[in-house]
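A.B. asks: build me a structure from this.
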Amino acid sequence: MSNLLDTILEANGGAVVGQLAREFGLGDAKARDALGQLAPALARGIQRNASTAGGLDSLMKALSEGNHQRYLKHPEELTESASIQDGNGILGHVFGSKDVSRNVAGRASQETGIDASLLKKMLPMLAAAAMGALARQNAAGGSQGLPPRASGSGAGDLLSQFLDADRDGSIVDDVLGLAKKFF
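C.D. replies: Here you go, the predicted structure:
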């Protein structure tokens with residue numbers, strides 16, 4: 001099962017990376033570095049949100065109704081104002097406050113050398129692409145996507161299975177591995 005970052009990076013031959021690189025005046029390598037720093041925090045936020053009361057239902061509803069896969073098929077849509085608004089809404093659910101988004105961008109800036117203001121602008125686009133990756137995995141079904149809602153397992157377990165690339169029961173090592181992959 002692909003993890004969240006790999007799904008985004010590999011989608012459409014790396015078109016999301018190329019789109020973000022062009023949008024922010026970065027090379028592909030720098031854009032990959034930025035995604036490598038931002039995506040783990042986003043994945044943790046998605047998992048945390050899905051483990052709250054109603055969070056998983058909200059996520060599953062968004063995945064089934066949101067047509068988020070379009071962001072992976074047509075990454076040029078990520079830069080449209082409606083998509084950025086969608087991404088900001090996703091960030092609001094995932095992080096809960098703009099302060100968390102600012103902190104995530106600040107930490108990523110320290111690690112990548114990319115200006116934090118650029119990373120703050122990139123976050124909603126990445127959030128939209130992340131929902132596209134989750135929607136793609138969910139649509140694939142079976143072992144490739146999120147398990148069905150009626151599986152009887154806890155809400156956190158559902159998303160953990162998606163985010164746990166090495167299937168060891170913990171996403172912490174996977175999230176850290178994602179970040180290390182880019183250095």
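A.B. asks: in which helix or strand does the most centrally placed residue in the chain reside?
C.D. replies: Of all residues in the chain, the one closest to the mean position by Cα atoms, centre = their mean is Ala130, 3.1 Å from it. When elements are assigned from DSSP states H and E, Ala130 belongs to helix 116-140.
A.B. asks: just Ala53 next, same as before
C.D. replies: Here Ala53 is assigned to no helix or strand, by DSSP H and E.
A.B. asks: so His68: helix, strand or coil?
C.D. replies: Three-state call for His68 (DSSP: H, G, I helix; E, B strand; the rest coil): coil.
A.B. asks: now for the helix holding Ala130, which elements pack on it?
C.D. replies: Contact partners of helix 116-140 among helices and strands, from 3 or more Cβ pairs under 8 Å, 6 or more residues apart in numbering; DSSP states H and E: helix 4-10, helix 15-24, helix 28-50, helix 55-65, helix 70-73, helix 81-95, helix 98-112. Glycine gets a C-beta too; all of them are placed from N, C-alpha and C.
A.B. asks: redo that, cut-off 6 Å
C.D. replies: Packing partners of helix 116-140 (3 or more Cβ pairs under 6 Å, 6 or more residues apart in numbering; DSSP states H and E): helix 4-10, helix 55-65, helix 70-73, helix 81-95, helix 98-112.
A.B. asks: could those be laid out in JSON lines, adding mean neighbour count and distance to Val17?
C.D. replies: As requested, the helices and strands packed on helix 116-140 are arranged in JSON lines below (neighbours: other Cβ atoms under 10 Å; distance: least, Cβ to Cβ, whole Å):
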{"stretch": "helix 4-10", "mean neighbour count": "22", "distance to Val17": "6"}
{"stretch": "helix 55-65", "mean neighbour count": "16", "distance to Val17": "23"}
{"stretch": "helix 70-73", "mean neighbour count": "20", "distance to Val17": "11"}
{"stretch": "helix 81-95", "mean neighbour count": "18", "distance to Val17": "16"}
{"stretch": "helix 98-112", "mean neighbour count": "17", "distance to Val17": "14"}
